[in-house]
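K.L.:
only geometry, no sequence info:
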C-alpha cells in the first residue's frame, strides 16, 4: 500500500409519473463523487474528495374545485462540495482487513421552489411564489468497513457504518411573482441554523451502496 487510489461512483435518474389526465410529475437528477488519495506511510492514506449533485422536479395538477385552475410546482437544487479524509488500514489476515476513515467536508447548496395557481377562465395567476434557499454545511464524518485485495492493485471494500456530525447556516428569500406592486414582491429574508448527528448502517442491498472497487496505480 504505497500508491494512490481513486473511485468515481455516480448515479443518474429520470422518472415520469402520470396520474391520469389531470396531473403529472417529472423528476431527474445526478450525483458525482470522485476522490483521490495517496499513501504517505504504510497503511495510512490522505486524500481529497469532491461532491457535485443536481436535481429537478416538476409537477402540475388540475383543480376541478370551485375555482378551476392549474396548480403547478417546480423545484431545483444544486450543490457542490469539497472535503479531505484520512484512511487507516488494519490488516487482519492476508489480504483481508478493516479500515477506518475520518473526514471533513464543506458543501454549498442552492435550491429554488416555485409554486403557482393559474385560473383557467381568465388565464391569469391567482398566485405565483418563488422561494430561494442558500445553505452552507460543514460536516465531520467517521466511517469504518472491510476491505479485501483481490490482487495487489485491486481491492473490494464495503462500508459497515458511518457517523456524521453536521452544522448548516444559510438564508431563505421569498418573493411574490404575481403582482409587482404587492409589498410581498420585496425579498423577505430569513436565516437557517441547523445541526444534526446521524448514524447510518448499511440498510439496503445495492452494489453502489454496499461495495466499492478501488484500483491502485
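P.N.:
Structure's in. What do you need? Please read these numbers as outputs of a predicted model, since none were measured by experiment. Numbers count the residues shown, from 1 in each chain.

K.L.:
What strands line up against the helix or strand containing residue 25, and which way round?
P.N.:
Here residue 25, judged by DSSP states H and E, is contained in strand 23-32. Strand 23-32 sits in its sheet next to strand 10-19 (antiparallel), strand 44-63 (antiparallel), going by DSSP bridges.

K.L.:
worst average pLDDT in those?
P.N.:
Between the strands paired with strand 23-32, the lowest average pLDDT goes to strand 10-19, which shows a mean of 38.

K.L.:
hang on, the earlier thing: what is the subsequent helix or strand relative to the strand holding residue 25?
P.N.:
Moving toward the C-terminus from strand 23-32, the next helix or strand (DSSP H and E) is strand 35-41.

K.L.:
Partner strands of that following strand, with direction?
P.N.:
By DSSP bridges, strand 35-41 pairs with strand 4-7 (antiparallel), strand 44-63 (antiparallel).

K.L.:
elements contacting the helix or strand hosting residue 129?
P.N.:
Take DSSP H and E as the rule and residue 129 turns out to sit in strand 125-151. Judged by 3 or more Cβ pairs under 8 Å, 6 or more residues apart in numbering; DSSP states H and E, the packing partners of strand 125-151 are strand 69-93, strand 96-119, strand 154-176. For the C-beta atoms, the positions are set from N, CA and C on the backbone; glycine is no exception.

K.L.:
Just the buried residues of the longest one, please?
P.N.:
Spelled out, it's strand 69-93. Neighbour-count burial for strand 69-93, counted by 16 or more other Cβ atoms under 10 Å, picks out 69-72, 74-77, 79, 81, 83, 85, 87, 89.

K.L.:
Next, count neighbours for residue 147.
P.N.:
20 (other Cβ atoms under 10 Å).

K.L.:
Can you give me the end-to-end span of stretch 113-124?
P.N.:
From the first residue to the last, stretch 113-124 extends over 20 Å; the measure is Cα to Cα, to the nearest Å.

K.L.:
same question for it, mean pLDDT?
P.N.:
Rounded mean pLDDT across stretch 113-124 is 78.

K.L.:
Nearest spatial neighbour of the residue nearest the centre of the chain, chain-adjacent residues omitted?
P.N.:
With distances taken as Cα atoms, centre = their mean, residue 53 lies nearest the centre of the chain, 5.9 Å away. Spatially, and ignoring its direct neighbours in sequence, residue 53 is nearest to residue 31 (4.2 Å; Cβ to Cβ, 6 or more residues apart in numbering).
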